[in-house]
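Novice: Predicted model and sequence below, questions to follow.
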Amino acid sequence: MDIHLIAAMALLVGCLAATVPVFISLFFTGLVGLTLAGIDARIVIEVLYRSMDKFALVVVLFFVLCGNIMTSGSIVQKLIKVADALVGFLPGGLAMAGVLACGFFGAISGSTVATVVAIGGFMIPALIEHGYEERFSVGLMTTAPVLGVVIPPSISMILYAMISNDSLEALFLTGFVPGLLIMAAMSVYAGLFCRRRGQVRRARPSLRELLAVLRESIWALLLPVLIFGGIYSGTFTANEAAVVACFYAFFVEIVIHRDMPLRDVKKVIVSSAITSATLLVIVAGASVFGEYLTFEQVPDQIARTVMASINSPWMFLLAVNLVLLVVGMFMDIISATLILTPIFLPLLSRFGVDSLHFGLLMTLNLGIGYCTPPLGVSLYISGAVVDRDLLYVARAVIPFLLIQIGLLLLLTFWPGLVLWLPRLVYGG
């Protein structure tokens, strides 16, 4: 390996270990690497411009705004109320309602962190108050928000499609079946766990009560219908859907629900702008680092090494899963997607792996990383809710992580399960 590449990688690891912000670590390492390689550093200006000059990033910005609107208003509470009315009477019903609410919210926000904050922050105290074990409640509501990136729209899927040039609409479709499987598996586990613990069941709501809840929450439920109905009916593109979703959410919260005062609009927009700017600088930093890796022909070197040691596509996917799970423990999903996608893409055709299938696997792997120590963001958020340390939360998530990793293996070795819906809609 080239001495310059070794020095650059050591610099990156050192920056990250010193808790230098990720985007600065990536940008600085890429800049130093290009300089050491004898490349005119002024190319960085072009790389930064090229990385920002992507229309697909508009989708990310507006879905961030849409998620913040929902969190600031009452849409989140209404989605939770619907989920509770649908399954709350079953054994472990409130826990199932939390999982279902994560699915509802994920179908709008596209972010795991936003789902943990919005749903977990509300549901963990509610579960404990209703007699559910604290460790079970924390584990469930720390891991279920992975649905925020698996069920579309997903910010990480948007970035993957931007790099791979896959159809974003087709990539979105790969997330529905895995998302439903995760919801079903975690709900079944919750029901069995609570039945074994003798959890008290609530009375089944009457049809009139259920219809009343649905009527009260109809505007919130129409939001994902508007997004996906518009996209797959051809009424508007994914980019336009994000903008329409924001205007719809603002209208519902301000005019219909009247739960968002006009004075809060500025605060929501500014907060979303800060979050979006954070994502964009990570994209910029990762692009500079990626440019350096390209000059050093790192993707080609990795491809040759992998091809020399692995012959089976199944062994390749298993190895990639292990790599991504480890990376997810230390790096956020945005940075990891931007850095690793260009490295793995050249290998897919050589092993006959479908790019859409791989995009879903990468998203799920890195999403699980949000719940794994030492740097899983979801662990720290849930720990703050119940005032518990990292070790306590890490132990709480173990059974749920095992469920998700089991499903990950199923989806890895049964690609038809992931690709069934895209093939049904688009053929092939």
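Specialist: That came through, no problem.
Novice: Give me the below-cutoff pLDDT ranges for the stretch 51-200 of the chain.
Specialist: Within the stretch 51-200 of the chain, the segments meeting pLDDT under 70 span 55-56, 199-200.
Novice: Spatially, what comes nearest to the most centrally placed residue in the chain if we skip its sequence neighbours?
Specialist: Taking CA atoms, centre = their mean, the centroid of the chain lies closest to residue 149, which sits 2.4 Å from it. Nearest residue to residue 149 in three dimensions, chain neighbours excluded: residue 367, at 4.4 Å (CB to CB, 6 or more residues apart in numbering). Bear in mind the C-beta positions are built from the backbone N, C-alpha and C, glycine included.
Novice: Work out for me the element the one you found sits within.
Specialist: helix 355-369 (DSSP states H and E).
Novice: and residue 290, what does it touch?
Specialist: Counting by CB atoms under 8 Å, 6 or more residues apart in numbering, residue 290 touches 30, 338-339, 342.
Novice: Okay, and residue 301 sits in which element?
Specialist: Going by DSSP H and E, residue 301 is in helix 298-309.
Novice: my bad, should have said residue 339
Specialist: helix 333-351.
Novice: Which positions within that helix qualify as buried?
Specialist: 333-345, 347-348, 351 (16 or more other CB atoms under 10 Å).
Novice: Can you get me the centre-to-centre distance for it and its chain?
Specialist: Its chain's C-alpha centre and that of helix 333-351 lie 17 Å apart, by CA atoms, centre = their mean, to the nearest Å.
Novice: tell me what it is packed against?
Specialist: helix 22-36, helix 155-164, helix 263-295, helix 298-309, helix 313-330, helix 355-369 (3 or more CB pairs under 8 Å, 6 or more residues apart in numbering; DSSP states H and E).
Novice: As PDB, could you dump the C-alpha coordinates of the helix or strand following the second one?
Specialist: Meaning helix 155-164. Counting by DSSP H and E, the next helix or strand C-terminal to helix 155-164 is helix 168-173. The C-alpha coordinates for helix 168-173 follow below in PDB (Å, rounded to 0.1, in the frame of the first residue of the first chain):
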ATOM      1  CA  LEU A 168     -35.000   6.500  -6.500                       C
ATOM      2  CA  GLU A 169     -38.600   5.400  -6.900                       C
ATOM      3  CA  ALA A 170     -37.500   1.800  -7.500                       C
ATOM      4  CA  LEU A 171     -35.100   1.900  -4.600                       C
ATOM      5  CA  PHE A 172     -37.800   3.200  -2.300                       C
ATOM      6  CA  LEU A 173     -39.900   0.200  -3.200                       C
END
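Novice: And the residue nearest to residue 149, what's its pLDDT?
Specialist: With respect to pLDDT, residue 367 has a value of 88.
Novice: The closest residue to residue 374 other than its chain neighbours: neighbouring residues, count only.
Specialist: Nearest residue to residue 374, sequence neighbours excluded (CB to CB, 6+ apart): residue 329, at 6.7 Å. Residue 329 has 16 neighbouring residues, counting by other CB atoms under 10 Å.
Novice: In contact with residue 329, which residues?
Specialist: Listed by CB under 8 Å, 6+ apart, the contact partners of residue 329 are 369, 372-376.
Novice: Looking at those, which are in helices?
Specialist: Judged by DSSP state H, helices contain the following of the contacts of residue 329: residue 369.
Novice: pLDDT check: weakest of the contacts of residue 329?
Specialist: residue 375 (67).
Novice: residue contacts, the nearest residue to residue 217 once chain neighbours are set aside?
Specialist: Leaving aside its sequence neighbours, residue 217 sits nearest to residue 78 (CB to CB, 6+ apart; 3.9 Å). The contact partners of residue 78, taken as CB under 8 Å, 6+ apart, are 216-217, 220, 257.
Novice: change it to 10 Å
Specialist: By CB atoms under 10 Å, 6 or more residues apart in numbering, the residues touching residue 78 are 70, 104, 213, 216-221, 252, 257, 259.
Novice: before we move on, which element is it in?
Specialist: helix 75-87.
Novice: from what I can see residue 124 touches residue 132, true?
Specialist: Yes: using CB atoms under 10 Å, residue 124 makes contact with residue 132 at a distance of 9.3 Å.
Novice: Now do the shared contacts for those two.
Specialist: Joint contacts of residue 124 and residue 132 (CB under 10 Å, 6+ apart) are 98, 138, 140.
Novice: By neighbour count, which of those wins?
Specialist: Using other CB under 10 Å as the neighbour criterion, residue 140 leads these with 32 neighbours.
Novice: how close does it get to residue 417?
Specialist: Between residue 140 and residue 417 the computed distance is 24 Å (CB to CB, to the nearest Å).
Novice: quick one: low-confidence parts of the stretch 301-428 of the chain?
Specialist: Ranges of the stretch 301-428 of the chain meeting pLDDT under 70: 302-304, 306-307, 375, 428.
Novice: ok so, going back, of all the buried residues of helix 333-351, which two lie farthest apart?
Specialist: Farthest-apart pair in those is 334 and 351; separation 25.7 Å (CB to CB).
Novice: could I get the helix or strand following the helix holding residue 367 in CSV with only the CA atoms?
Specialist: Using DSSP H and E, the helix or strand that follows helix 355-369 in sequence is helix 377-386. Extracted as CSV, the C-alpha positions of helix 377-386 are listed here (Å, rounded to 0.1, in the frame of the first residue of the first chain):
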residue,chain,number,x,y,z
VAL,A,377,-26.7,7.7,18.4
SER,A,378,-30.0,6.0,19.3
LEU,A,379,-28.4,4.5,22.5
TYR,A,380,-27.5,7.9,23.8
ILE,A,381,-30.9,9.4,23.0
SER,A,382,-32.9,6.6,24.8
GLY,A,383,-30.4,6.6,27.7
ALA,A,384,-31.1,10.4,28.2
VAL,A,385,-34.8,9.7,28.2
VAL,A,386,-34.6,7.3,31.2
